[in-house]
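*Asks:* Next input, structure requested:
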Amino acid sequence: MAAFAMRFVVVLLTFVTVGMIIGALMQLEFIKKLDDSYGAKFSLTRLRGLRGGAYWGDQEDVMLRIGYVKPEVINWSPRIILFHNFLSAEGVKSKVRTSSGMFLSSRDRKYPIIQGIEKRISVYSQIPVENGERIQVLRYEKNQLYRPHHDYFSDPFNLKFGGQRVATMLMYLSDGVEGGETYFPKAGSGQCSCGGRTVTGLCVKPIKGSAVLFWSMGLDGQSDPRSLHGGCEVLSGEKWSATKWMRQNATS
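*Replies:* Prediction:
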């Protein structure tokens, strides 16, 4: 009886693992198809068509720039993807908001640059734009940090506004930062540098224009405690970032 139970557990775990891998591979294949289909029609001339706040050529191409974004899977459980060149120079240098710790308003979301960024996030996360919360811009100065936490909710009140948080896109807006890594203590068993300290887990260095997408909800539809993450201490410079949380349903 014990041997049968053990075999059942092994089979069940194998089935769950294979399902997670297949789901992740399907998601990556979708992104690859987008990259291939859109990237072929983008030209450098068209991508440089944004001049003085006006769009030249195809506005959709300029807003998405899918062919230039390169995804890199850095962890499977929890699912974490690092996007190189996610934001262009135009997307990073925005006069919409210059203060730290602020959410973009409904008026801010009407700017073409913000609309372009939100649409790009939707494409790569496969979550509709209307399911996203307002982007939050944050500034971390020297010695500041954000202790490990989960982005999903455990109280019923916050679930009324779009349901549970499914995924988070964290975008890095500044260079010249020492420390300030995004730290996932339950992702993997390797070691990495977090604010000058060697820790166990996975650390993502903040590089201007890159972004990290991670899921707070697993493929089983349940909140994933392994999505625990935090912001490591900034040792020098200023770390600017923008965060977009996405939910199960429309937020408004």
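*Asks:* Can you pull the poorly scored residue ranges out of this structure?
*Replies:* 1-67, 90-100 (pLDDT under 70).
*Asks:* Okay, residue 155 and residue 250: tell me how far apart.
*Replies:* Separation of residue 155 from residue 250 (Cβ to Cβ, to the nearest Å): 20 Å. (Glycine included, C-beta is placed from N, CA and C.)
*Asks:* Compare neighbour counts for these two and give me the winner.
*Replies:* Legend: neighbour count by other Cβ atoms under 10 Å for residue 155 and residue 250, higher for residue 250 (13 against 6).
*Asks:* May I have the secondary structure class of the more buried one?
*Replies:* coil (DSSP: H, G, I helix; E, B strand; the rest coil).
*Asks:* Check whether it really touches residue 128, as I assumed.
*Replies:* Yes - between residue 250 and residue 128 a contact is recorded at 7.3 Å, counting by Cβ atoms under 8 Å.
*Asks:* Report the secondary structure element holding residue 121.
*Replies:* Assigned by DSSP states H and E, residue 121 falls within helix 112-125.
*Asks:* elements contacting that helix?
*Replies:* Other elements packing on helix 112-125 under the criterion 3 or more Cβ pairs under 8 Å, 6 or more residues apart in numbering; DSSP states H and E are helix 2-39, helix 59-64, helix 89-92, strand 165-172, strand 239-247.
*Asks:* Please work out how many residues are found near residue 119.
*Replies:* 13.
*Asks:* pretty sure it is touching residue 129, no?
*Replies:* Yes - taking Cβ under 8 Å as the definition, residue 119 is a contact partner of residue 129 at 6.2 Å.
*Asks:* after the helix holding residue 121 comes which helix or strand?
*Replies:* In N-to-C order, the element after helix 112-125 by DSSP H and E is strand 136-140.
*Asks:* Sheet-wise, list the partners of that next one with their directions.
*Replies:* Next to strand 136-140 in the sheet, as set by DSSP bridges, lie strand 102-103 (antiparallel), strand 239-247 (antiparallel).
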